[in-house]
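K.L.:
below is the structure, and that's it, no one-letter string:
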Ligand code: SAM
Ligand code: SF4
């Protein structure tokens, strides 16, 4: 009998990939996806614990299921991912009707655990070891990289895929829960990654995005030598069928010149670099234990601009971190303005239990000040994004067509003409009118309008000469000469 599965995913691209893989393995086990929790026999939440808000959302969603579970005790409810690893039994205490809690290092067990629960095995909890609960090797082994079969049907588009090249993180920025919930940094063998990308290419995938918390720290030693990210890119570039390669997220201190030149020299590498600065103040960066000064960030950013002048560079910032003064904040605004990021993700500091900043420093910037700084920084960023996007007017860009735009999704599914979105190599979104047949292709678009977030374009078609219009009714159709 088919079992009906509903899954909700919050958080980063790692979580999106984890959900894709969990669903792929459950489809193999006879599950089919449904669109609402009401229709489902099994409801899974793949969770995030980077900020309090992400956790609050999941606890409220669980709260809303209490009555449904009381009415139908056979409905299985599971919590997967970072919040499962962080809160563990606490989830059973706050939502006693939850059946399953599985950390990100144990996702391979989900199908078997669901079978056990369905067979009356009772509540199950599977998480990895706490970072201090064993030797480095023991803890590493308890966080298993989850890279099973891929399922093109489970991706938003079959021609784009995330590929995990590392798990975990060892940087221990003081505000961040990731090293605790995703475990020690471990790079996957290059040969495994190459094999996975070959398989993806054979299935029709054209764009891959390599994932790692500090993706440019990738380093794997094998019998035939050590591979870093630049070396891995060179190997992936050889794979036929792959048109574009991206990688996120970069750690500023590990942005080597070799990597930048590799991106410059390999035509398939996207000219797009996400390199979070987090703050423009040395005092704040030191309290965050980011491992660089603002001068070092500027030097790195200057090397990017010198080596890859056309690259889209993006950043993350945390505002209202412990002890952040108006002057510290102003230095962040200054860094953002002079770096002219393509866009920035801006977050209000959210204290996380189990992190060093929560233990060592009071969360002393009031909420209204955090909000104001967030809005101010965002306004500065949006002004820059809009100005820089204007430079694209009347230029022709190449995009990989991703699918219908938001407006396009509301159009009739059987209408071939639809508003589409595509992405440039430097990660700019372009909206244009096209045909569904163009999805998955690389197309030239002439840009005629630009806002802070979007470029607007028209498909550049080749010009046909006037001679084609001389049609004689009785003769066969004229061959159209193309110039
Ligand atoms: N590994 C990546 C890096 O180092 O840039 C990103 C990891 S984290 C999932 C994504 C972003 O969330 C971070 O870059 C940071 O700006 C933000 N973040 C992490 N912890 C946070 C916290 N406690 N409060 C607010 N924002 C936080
Ligand atoms: Fe968190 Fe810092 Fe690691 Fe990024 S580098 S995941 S912010 S600890």
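P.N.:
Cool, the structure landed. Values in this document were obtained by computation on a predicted structure and should not be read as measured data. Ligands and ions are numbered 1, 2, ... in the order given.
K.L.:
interface residues of this structure facing ligand 2?
P.N.:
With C-beta under 6 Å from any ligand atom as the criterion, the chain meets ligand 2 at residues 169, 171-173, 176, 178-179, 213-214, 251. In this view, the C-beta of every residue, glycine as well, is placed from N, C-alpha and C.
K.L.:
drop anything exposed from those.
P.N.:
169, 171, 173, 176, 178-179, 213-214, 251 (16 or more other C-beta atoms under 10 Å).
K.L.:
run through the stretch 351-483 of the chain and note the low-pLDDT ranges.
P.N.:
Applying pLDDT under 70 to the stretch 351-483 of the chain flags residues 463-483.
K.L.:
hmm, try it at 90
P.N.:
Scanning the stretch 351-483 of the chain for pLDDT under 90 picks out the ranges 407-417, 461-483.
K.L.:
which single residue of it ends up nearest ligand 2?
P.N.:
residue 355 (9.0 Å; C-beta to the nearest ligand atom).
K.L.:
and that residue, how far from ligand 1?
P.N.:
7 Å (C-beta to the nearest ligand atom, to the nearest Å).
K.L.:
ok, now which ones touch that residue?
P.N.:
Listed by C-beta atoms under 8 Å, 6 or more residues apart in numbering, the contact set of residue 355 reads 174-177, 180.
K.L.:
which bits of the stretch 151-300 of the chain sit near ligand 1?
P.N.:
So far as C-beta under 6 Å from any ligand atom goes, the stretch 151-300 of the chain lies against ligand 1 at 175-176, 178, 213-214, 249, 276, 278.
K.L.:
cutoff 5 Å now
P.N.:
When proximity is defined by C-beta under 5 Å from any ligand atom, the stretch 151-300 of the chain lies next to ligand 1 at 175-176, 213, 249, 276.
K.L.:
farthest-apart pair in the residues you listed, please.
P.N.:
175 and 249 (15.3 Å; C-beta to C-beta).
K.L.:
pick out whichever of those two has more residues nearby.
P.N.:
residue 175 (24 against 19; other C-beta atoms under 10 Å).
K.L.:
list the buried residues of the biggest helix by length in the chain.
P.N.:
Looking across the chain with DSSP state H, the single longest helix is helix 367-390. For helix 367-390, the neighbour count (16+ other C-beta under 10 Å) marks 369-370, 373-374, 376-378, 380-381, 384-385, 388-389 as buried.
K.L.:
mind putting these into JSON lines with distance to residue 124?
P.N.:
Converted to JSON lines, the buried residues of helix 367-390 look like this (distance: C-beta to C-beta, whole Å):
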{"residue": "369", "distance to residue 124": "44"}
{"residue": "370", "distance to residue 124": "39"}
{"residue": "373", "distance to residue 124": "43"}
{"residue": "374", "distance to residue 124": "40"}
{"residue": "376", "distance to residue 124": "47"}
{"residue": "377", "distance to residue 124": "43"}
{"residue": "378", "distance to residue 124": "42"}
{"residue": "380", "distance to residue 124": "48"}
{"residue": "381", "distance to residue 124": "44"}
{"residue": "384", "distance to residue 124": "49"}
{"residue": "385", "distance to residue 124": "46"}
{"residue": "388", "distance to residue 124": "50"}
{"residue": "389", "distance to residue 124": "50"}
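K.L.:
now render those residues as a markdown table, adding distance to ligand 1.
P.N.:
Output for these, formatted as a markdown table (distance: C-beta to the nearest ligand atom, whole Å):
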| residue | distance to ligand 1 |
| --- | --- |
| 369 | 15 |
| 370 | 10 |
| 373 | 13 |
| 374 | 10 |
| 376 | 17 |
| 377 | 12 |
| 378 | 14 |
| 380 | 17 |
| 381 | 14 |
| 384 | 18 |
| 385 | 18 |
| 388 | 22 |
| 389 | 23 |
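K.L.:
how far off centre is stretch 352-361?
P.N.:
26 Å (C-alpha atoms, centre = their mean, to the nearest Å).
K.L.:
got it, and stretch 225-237?
P.N.:
21 Å.
K.L.:
buried sites along that stretch?
P.N.:
227-233, 236.
K.L.:
most widely separated two among those residues?
P.N.:
228 and 236 (13.0 Å).
K.L.:
rewinding a little: output the contacting helices and strands for the longest helix of the chain.
P.N.:
Under the contact criterion of 3 or more C-beta pairs under 8 Å, 6 or more residues apart in numbering; DSSP states H and E, helix 367-390 touches strand 312-319, helix 326-339, strand 344-348, strand 442-450.
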